[in-house]
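# Turn this into a structure:
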Amino acid sequence: MGENKAFAEIGGVRLIDRTIALFRDLFNEIILVTNEPSDYLDLDAIIVTDIIPGKGALGGMYTGLFFARNERAFAAACDMPFLNRSFITWMMENSGNCDVLVPAPADGLQPLHAVYSRRCLPAIKKLIDDDRLQIRLFYKRCRTVEIPESVLRSFDPEGTMFLNINSQDDLEQARLRLT
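Below is the predicted model of the structure:
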């Protein structure tokens, strides 16, 4: 996009601010994993940098879980303007018997909109050590529950909660949806 997606604005509000405001209502701890911590000093969040740099989203997930005080954490990308409060609450309430609770819409799993247990840390670390950086690879090594499409649709009939911003066109489409 040519800019930091977290700072793209929709309705005059940066994506990161929308996310932090939602999380502030839902969670007692917000951890932001970034390689540019000085860019986020204005946010009311715990800001950490990758423990093991250069390992992409998997490395960021490892870092966030490592620093989490709670046993479970909801992980989300910073560029998802349609996060659904009710669905996230439902996920947290229904994640107790697994290590990973991940949405499974028809177009594929949503690993950056999922609940993870700190019990996943050894499996994630093994993948990082092996330089196998796809998040989904550790799911086989953990108790993973996939949320079926029928449940997802009950919270999000229009199918927008997993949309993310990857281009200027995506940003304009999101702005249109929110007006």
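# For this structure, give me the ranges with low pLDDT.
Scanning the chain for pLDDT under 70 picks out 1-2, 179.
# residue closest to the middle of it?
residue 76 (1.0 Å; C-alpha atoms, centre = their mean).
# how about residue 75, secondary structure?
strand (DSSP: H, G, I helix; E, B strand; the rest coil).
# and it, what is it in contact with?
Residue 75 is in contact with 61, 64, 111, 112, 113, 114, 115, 116, counting by C-beta atoms under 8 Å, 6 or more residues apart in numbering. C-beta here means a position set from N, CA and C on the backbone, and glycine is covered the same way.
# Export these as TSV, with columns for distance to residue 84, secondary structure and neighbour count.
Converted to TSV, the contacts of residue 75 look like this (distance: C-beta to C-beta, whole Å; DSSP: H, G, I helix; E, B strand; the rest coil; neighbours: other C-beta atoms under 10 Å):
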residue	distance to residue 84	secondary structure	neighbour count
61	21	helix	24
64	20	helix	20
111	17	coil	20
112	14	coil	18
113	9	strand	23
114	13	strand	24
115	14	strand	23
116	18	strand	29
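# For those residues, work out which two are farthest apart.
64 and 113 (13.7 Å; C-beta to C-beta).
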